[in-house]
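In: When you get a sec, could you give me coordinates for this:
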Amino acid sequence: MTLLDILRQDYQRFPEAQTYEIYAEDVYFKDPLNEFRGCDRYRQNIHFIATWFKAVHLELHDIHQEGDRILTDWTLAWNTPLPWFPRISIPGWSELTVNPEGKISRHLDYWHCSPWQVLRQHFPGASPPKHPKL
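Out: Numbers count the residues shown, from 1 in each chain. Prediction:
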């Protein structure tokens with residue numbers, strides 16, 4: 001099974017049963033709200049998402065590899081555990097770097113919206129940002 005196949009499967013069942021063995025021990029992760037290093041910290045971040053948010057769904061729109069980079073395009077959605085359970089949606093993309101050992105050494109997430117647009121979705125009447133490629 002290729003790294004792309006494993007990632008496709010991980011996206012389908014995210015945040016459950018992720019394949020952490022494909023990440024380097026010192027993997028660097030960054031998104032618009034977080035930045036850290038280490039596979040254990042990456043695992044804790046995914047566990048937080050699985051524990052705190054409800055009905056998490058990560059829809060993979062595209063995945064392809066260009067040399068040592070894997071590019072993915074996705075939309076992440078969940079319900080926040082507020083009394084009205086707002087449905088939050090973040091369209092984005094990831095750039096993963098594969099090291100010579102075939103493990104992911106860098107995982108950078110980008111959003112097609114601002115953190116403010118994500119926060120606004122928690123209030124009634126706000127519409128989710130659309131993925132620009134869909």
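In: Pairing partners for Leu76 in the sheet, please.
Out: Beta-bridge partners recorded for Leu76 (DSSP bridges): Leu58, Ile90.
In: hang on, Pro129 packs against Ala77?
Out: No - Pro129 lies out of contact with Ala77 (CB atoms under 8 Å); the separation is 11.2 Å. The way it works is simple: take the backbone N, C-alpha and C, and place the C-beta from them, glycine included.
In: Helices along this protein, start to end?
Out: For the chain, the helices defined by DSSP state H occupy 3-13, 39-52, 115-120.
In: Turn those into CSV, including mean neighbour count.
Out: Putting the helices of the chain into CSV (neighbours: other CB atoms under 10 Å) gives the following:
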stretch, mean neighbour count
helix 3-13, 15
helix 39-52, 14
helix 115-120, 14
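In: closest one to Leu96 among those helices?
Out: helix 3-13 (7.8 Å; CB to CB).
In: I'd say Leu33 and Ser114 touch.
Out: No - applying CB under 8 Å as the test, Leu33 and Ser114 come out as separate, 11.3 Å apart.
In: how close does Pro91 get to Met1?
Out: Going from Pro91 to Met1 by CB to CB, to the nearest Å gives 28 Å.
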